[in-house]
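[1] here is my input; please provide its structure:
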Amino acid sequence: MNFTVGERPANVKLDDVHLTLSSIAGEVHILRGIDLRVAPGETVSVVGPSGSGKSSMLMVIAGLERATRGRVNVAGRDLATLSEDDLALFRREHVGIVFQDFHLIPTMTALENVAIPLEFAGVEDAFERAARGLEAVGLGHRTSHYPGQLSGGEQQRTALARALAPQPVLLLADEPTGNLDSGTGEHVIELMFELTRDRSATLMLITHDLQLAARCQRSLHLIDGRIEEPLAASA
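    Next up, the predicted model:
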C-alpha cells in the first residue's frame, strides 16, 4: 500500500503526551511531550537507547498505560474517555500486540492460544480462524503442540498469529526478534511485514536493529522521552 502520510485520517494521534510514574526516589518522567501522527497502513519503527520510553509509548497507545497528560487518539477513539472495561474491548477489536517474550499460555496448545482473542470476541468459528492463522505463519502442522514443545521462532510466529487473528487495524511489536537468532528473527519479520500489508494494518515496531528500522516507511528516534528528528527511512 503506497500513500503519503496525511492523505488519510491518522490511525494514531498523540498530542503533547506525558507519562509520569511514581517511585521511591520520587516522580519519574517517562514521556515528555510526545506529538505523533501515524496514518492507516503505515509502517513505523521506533528506536532509541534503553530507558528512553519506547515501550512506554507503545503501552500508552495500546491503552495499557494511562497518559498523565495530553491526548491519545487511536482508531478514532479518545482513550481518556474509555473505562478499563472499554479499553479491554477496544484492544480486542482494534489492537494486536507482539512482545519479545511471546506471552503464550503454557497450558494451552498453539491453536488454543491463537483462538483465545477470537473466543473472547464471540467469534463462532474461532478455532477454524485460528487454524488458518497458524497456517498463514507456517505452523499448520503444529496446532496441537504446547509452547514448551515449540522453538523460540515457532512461539513468536504463534504469538504473531494470535495478535493478527482478530484482524486489528494496528499491530504493536516490542522487540519481537529480541529472543531469536538472526535467521529465525528475519523469518518472523518477513511474516510480520507481509501479513500486516495483506491486512492493510498499521505497524509500529520497537527495535534496536537500525537495518530493520530502515525497512519501515518511517523511523522515529526516541531520546529521554522525546521524539528527536526522524531517522531517514529506506528508499
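[2] let's check: the centremost residue of the protein is which one?
    Leu172 (1.0 Å; Cα atoms, centre = their mean).
[3] could you pull up phi and psi at it?
    Leu172 has phi and psi values of phi -110, psi 130 when expressed as degrees, to the nearest 10.
[4] surely it touches Phe99?
    No: taking Cβ atoms under 8 Å as the definition, Leu172 is not a contact partner of Phe99, at 9.3 Å. Where you see a C-beta, it was placed from the backbone N, CA and C, and this is true even at glycine.
[5] coming back round to it: so what's the residue nearest to the centre of the chain up against?
    Residues in contact with Leu172 (Cβ atoms under 8 Å, 6 or more residues apart in numbering) are Leu58, Ile61, Ala62, Val95, Gly96, Ile97, Val98, Met204.
[6] identify the farthest-apart pair in those.
    Ile61 and Val98 (13.8 Å; Cβ to Cβ).
[7] show me where this protein has its helices.
    Applying DSSP state H to the chain gives helices spanning 54-62, 84-94, 110-120, 126-136, 152-164, 182-198, 210-213.
[8] winner for burial among these?
    helix 152-164 (a mean of 25; mean count of other Cβ atoms under 10 Å).
[9] now the angle between helix 126-136 and it, please.
    130 degrees (axes from the mean of the first three to the mean of the last three Cα atoms, to 10 degrees).
[10] contacts for helix 152-164 next, please.
    96-99, 102-104, 110, 113-114, 116-117, 130, 133-134, 136-139, 142, 145, 147, 150, 171, 176-177, 179-181, 184-185, 187-188, 191-192, 195-196, 199, 201.
[11] hmm, what's the outermost residue in the protein?
    The chain, farthest from centre, Cα atoms, centre = their mean: Ala25 at 30.9 Å.
[12] next one: the residue nearest to the centre of the chain, what pLDDT does it get?
    At Leu172, the model reports a pLDDT of 96.
[13] for Ala62, see how far away it is.
    Going from Leu172 to Ala62 by Cβ to Cβ, to the nearest Å gives 6 Å.
[14] what do these two both touch?
    Shared contacts of Leu172 and Ala62 (Cβ under 8 Å, 6+ apart): Val95, Ile97.
[15] measure Gly41 to Leu150 for me?
    Taken as Cβ to Cβ, the span from Gly41 to Leu150 is 31 Å.
[16] revised request: answer the last question for Arg32.
    In terms of Cβ to Cβ, Arg32 sits 40 Å off from Leu150.
[17] do the same with Leu19
    As defined by Cβ to Cβ, Leu19 lies at a distance of 35 Å from Leu150.
[18] neighbour count winner among these two?
    Leu19 (22 against 19; other Cβ atoms under 10 Å).
[19] for the more buried one, list each beta-bridge partner.
    Beta-bridge partners of Leu19, counted by DSSP bridges, are Leu31.
[20] quick check, pLDDT for it.
    Looking at Leu19, its pLDDT is 97.
[21] can you get me a residue count around Leu14?
    Neighbour count of Leu14, defined by other Cβ under 10 Å: 23.
[22] ok, the one 4 residues further on next?
    Burial of His18 is recorded as 16 neighbouring residues (other Cβ under 10 Å).
[23] give me the neighbour count for Leu82.
    The number of residues packed near Leu82 is 15, by other Cβ under 10 Å.
[24] typo on my end, it should be Thr81
    Thr81, neighbours per other Cβ under 10 Å, totals 8.
[25] residue ranges with poor pLDDT in this protein?
    Applying pLDDT under 70 to the chain flags residues 1-10, 229-235.
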